[in-house]
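J.: give me the fold of what follows.
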Amino acid sequence: MQMEDYMNEAPQRLLAMLEQRRDDLAQAARAVLNQDVTRIILTGSGTSYHGALTARRFMQQWCHVPVEVSYPFLLDSTTLAQGGKALLIGISQGGGSLSTLEAMTRAREAGHITASMAGVENATIDRVADHVLTVPCGEEKAGAKTKGYLCTMLNLMQLALTLAEQRSAITPAQQEAVKARMANTFRHLPAVIDAAAAWAQGPARPLAESQDLRLVAQPELYGTVQEGALKLLETLRCPVSGYEFEEFIHGIYNAFNSGSALIMLDNRPDERSENLVAILSQWTTHIYRIGSQVEENGKNMRFPFINDKDFSVFEYIIPLQMLCAKLAPEKGINPAIPKDPQFHQKMKSKQAA
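T.: Model (predicted):
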């Protein structure tokens, strides 16, 4: 299967996850309550890190303990010895990240509860997990993950809701309302996918020639632009970076010139976004905006997104993923196959499940 096939599979996977009653999530939630856990730490690299970063905002609403996101290498023994008892969740799409495995091992040695969250069963990281919280996304052999990213975010959000339920911090009616909002967004994703495909093949096609590409978004979509930048870098194989709006205007804009390209995720109207476009348009013509109210100018993707305050993260990653699926072949690249399929084996950075 190709990258776009997995994207098309994602909406049904997400909807199916909403219907599942998860004993594994319930057991992990009980452990948080019964063992006086004072914080939750999410760790992983690449797409796994970005999934955690994106889900954190929702989790923080419902877990009623601090939720931290960290790269595995930052979780050394000294760091893990501080801050009270934690539930540390190691995330790895393929399940074989050795840096995540090592961070989980250090956490267990420091007396914390560990959980694994992989996209496959019997994953390497499961070996040091007190709780195995497999992401039910199905097989995804493409190197650049798409549906696994979306399903990982939902898996984390469902854990948060399960914890809130066991704390009696959410009523059944509230929980059903949240799930209904999720389902509303997920049912809309096929339309987003179709619109993104048309945009990528049409107005956004010149981005295939970009050698200097930046992404920018408001804070609630920061993880989305980080993941989008990684996907575009992996597949178009040129320099790409993603920034939160404030960070972008505090210096990054200085690097723009006539050869620079910018993709803006405009999930909500913002006068300063308009100002930024006006200023950068003096230096480059390669500005592309994605949103419900952006100008129809032959470059932007104007589309009626649901724009749910919690779940727009599932929508706005789709156009960025689709750019990878459609533009990489324009450069003679198969976006589903890494440049060196044996890279992690050579680097000894991942292990087969």
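J.: which ones are touching Gln158?
T.: For Gln158, the residues meeting the contact criterion (CB atoms under 8 Å, 6 or more residues apart in numbering) are 17, 22, 25. C-betas here are computed from N, CA, C, even on glycine.
J.: one more: Gly111?
T.: Under the criterion of CB under 8 Å, 6+ apart, the neighbours of Gly111 are Lys85.
J.: OK, contacts around Ile317?
T.: Applying CB under 8 Å, 6+ apart, we find Ile317 in contact with 149-150, 224, 227-228.
J.: among those residues, which two are most distant?
T.: Largest separation among those by CB to CB: Leu150 and Gly228, giving 12.8 Å.
J.: picking up where we left off before, narrow the contacts of Ile317 to those in helices?
T.: Under the assignment DSSP state H, the contacts of Ile317 contribute 149-150, 224, 227-228 to helices.
J.: wait, which of those is closest to Gly119?
T.: Minimum distance to Gly119 across the ones in helices among the contacts of Ile317 is 9.4 Å, recorded for Tyr149 (CB to CB).
J.: can you pull the contacts of that closest one?
T.: Under the criterion of CB under 8 Å, 6+ apart, the contact list for Tyr149 reads 47, 50-51, 93, 227, 317.
J.: nearest to the spatial middle of the chain, which residue is it?
T.: Using CA atoms, centre = their mean, the residue of the chain that lies closest to the mean C-alpha position is Gly51, 3.3 Å off.
J.: any chance you could read off phi and psi for the closest residue to Thr284 other than its chain neighbours?
T.: The shortest distance from Thr284 to any residue other than its chain neighbours is 4.9 Å, reached at Ser260 (CB to CB, 6 or more residues apart in numbering). Summarising the backbone geometry of Ser260 under the convention degrees, to the nearest 10, its torsions are phi -80, psi 150.
J.: what about Ser260, distance to Arg21?
T.: From Ser260 across to Arg21, the span is 49 Å (CB to CB, to the nearest Å).
J.: where does the prediction get shaky in the stretch 51-200 of the chain?
T.: Within the stretch 51-200 of the chain, no stretch falls below the threshold (pLDDT under 70).
J.: in it, which spans are strands?
T.: When secondary structure is read from DSSP state E, counting those that start in this stretch, the stretch 51-200 of the chain shows strands at 67-70, 86-92, 113-118, 131-132.
J.: could you chop this protein up by domain?
T.: What the record gives for the chain is the domain set 3-170, 188-331, from automatic domain parsing.
J.: and Phe343, which of these is closest to it?
T.: Of all these, the one in closest proximity to Phe343, counting by CB to CB, is domain 3-170 (9.4 Å).
J.: show me how far that closest one is from its chain's centre.
T.: Its chain's C-alpha centre lies 12 Å from the corresponding centre of domain 3-170 when counted by CA atoms, centre = their mean, to the nearest Å.
J.: what's the end-to-end length of that domain?
T.: 37 Å (CA to CA, to the nearest Å).
J.: quick one, what contacts the nearest residue to Val192 once chain neighbours are set aside?
T.: Distances taken as CB to CB, 6+ apart put Ile318 closest to Val192, at 4.7 Å, once the chain neighbours are dropped. When contacts are counted by CB under 8 Å, 6+ apart, Ile318 is found next to 7, 189, 192-193, 196.
J.: residue contacts, the residue nearest to Thr284?
T.: Ser260 makes contact with 212-214, 283-284, 286, according to CB under 8 Å, 6+ apart.
J.: any idea how far Leu232 is from it?
T.: According to CB to CB, Ser260 stands 14 Å off from Leu232.
J.: please apply the same query to Ser312.
T.: Relative to Leu232, Ser312 is positioned 19 Å away (criterion: CB to CB).
J.: likewise for Ala107?
T.: Using CB to CB, one obtains 32 Å as the distance from Ala107 to Leu232.
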